[in-house]
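Chemist: Sequence and predicted structure, then a few things I'm wondering about:
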Amino acid sequence: MANLEDARRSADTAYAAAASENAHGLQRKLAELRNSLAARGIVMSGAMTVGAARLYAEHARFLIQTRLDGLLDGYELHDVPLDEALVDSTIKEILELRTSLLANVARSATTVDVGPPGLQVFTQQLEAECGVSAAWVKTQIDKRRLTAKRKAQAAATANIYHVHGHNPRWNLNTVDNSVNVVTVSATQVFADLRQAIQTGVPEGDEQKDILVRLMELEQAQQSPSFAQRYADFISAAANHMTLIGPFIPALTELLHRVLT
């Protein structure tokens, strides 16, 4: 119980900080939208209704994602087992947060934000733009569970990578008495790494950036620029080293070939 309380406290702290910071950004974006439409003489219009609903929904979704990530990070940090009961209660909490956030928006939105179409249309647009469901929450949790499972597997097994091609080298990526010899092609290394990133890193700008860096790294094989692309990729994925760690020996092998 103490561990769960600690996990929730860390999630509360992260959520409070994000809510305060993001609220300023929301107000700035709303002001920019109002000014833009006012300059065109259509601030009191359906365009304002749709635009404002989209911005409020983005803000709500950001807070929902922050809360969910905070909880899942807290569970992992404080060794709280993510059993089915906790999954169900987490889904319920996130959906209740969604309902609360959208209700607050509907109550606080200005007449200009709502526009001539009225509050009902604004609320419907808000609901559609937010788009968070029980299935969405469950998918996020399942991704985190899969990542945790992969971490446990990586910690339990040492892989020795033999990458096909010129001047092969053996690499050991963990310390354990259990050792697997894995013979793979460079193509397979990049395909598996790409899948791991798509599964283990939440969708968004960070995931897109990491995947772009990975694509550039793959394209730079046998090129002098591979070393720089390798550094760029590692920098972009720095917050997910546990996830990409099992692939480092194979990438190091490819880097060694370029350098030698």
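Modeler: It's in.

Chemist: lowest-confidence helix or strand of the protein?
Modeler: strand 171-172 (a mean of 40; mean pLDDT, DSSP states H and E).

Chemist: Now Met44: phi and psi?
Modeler: phi -90, psi 80 (degrees, to the nearest 10).

Chemist: Count the residues that sit near it.
Modeler: Look at Met44: counted by other Cβ atoms under 10 Å, it has 16 neighbours. Glycine gets a C-beta too; all of them are placed from N, C-alpha and C.

Chemist: Would you enumerate the residues in contact with it?
Modeler: By Cβ atoms under 8 Å, 6 or more residues apart in numbering, Met44 lies in contact with 112, 115-116.

Chemist: Any chance of those residues in JSON lines with pLDDT as columns?
Modeler: Shown next, in JSON lines, are these (pLDDT from 0 to 100):
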{"residue": "Val112", "pLDDT": "85"}
{"residue": "Gly115", "pLDDT": "82"}
{"residue": "Pro116", "pLDDT": "85"}
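
Chemist: Pull out the buried residues from those.
Modeler: Buried residues within the contacts of Met44, counting neighbours by 16 or more other Cβ atoms under 10 Å: 112, 115.

Chemist: Could you look up the SS state of Pro116?
Modeler: Three-state assignment for Pro116 (DSSP: H, G, I helix; E, B strand; the rest coil): coil.

Chemist: what packs against the lengthiest helix in the chain?
Modeler: The longest helix of the chain (DSSP state H) is helix 2-39. Applying 3 or more Cβ pairs under 8 Å, 6 or more residues apart in numbering; DSSP states H and E, one finds that helix 2-39 contacts helix 46-77.

Chemist: which residues does the nearest residue to Tyr56 once chain neighbours are set aside contact?
Modeler: Nearest non-adjacent residue to Tyr56, counting by Cβ to Cβ, 6 or more residues apart in numbering: Val105, 4.6 Å away. By Cβ under 8 Å, 6+ apart, the residues touching Val105 are 56, 60, 126.

Chemist: now Asp69
Modeler: 14, 202.

Chemist: State the pLDDT value of it.
Modeler: Listed pLDDT for Asp69 reads 90.

Chemist: What distance do you get for the spatially most central residue of the chain to Ser225?
Modeler: Closest to where the C-alpha atoms of the chain average out (Cα atoms, centre = their mean) is Pro202, at 2.1 Å. For Pro202, the distance to Ser225 (Cβ to Cβ, to the nearest Å) stands at 29 Å.

Chemist: and if you look at Ala38?
Modeler: Taken as Cβ to Cβ, the span from Ala38 to Ser225 is 49 Å.

Chemist: Next: Pro249.
Modeler: From Pro249 to Ser225 the distance is 21 Å (Cβ to Cβ).

Chemist: who's more crowded, these two?
Modeler: For Pro249 versus Ser225, neighbours defined as other Cβ under 10 Å are more numerous around Pro249 (21 against 14).
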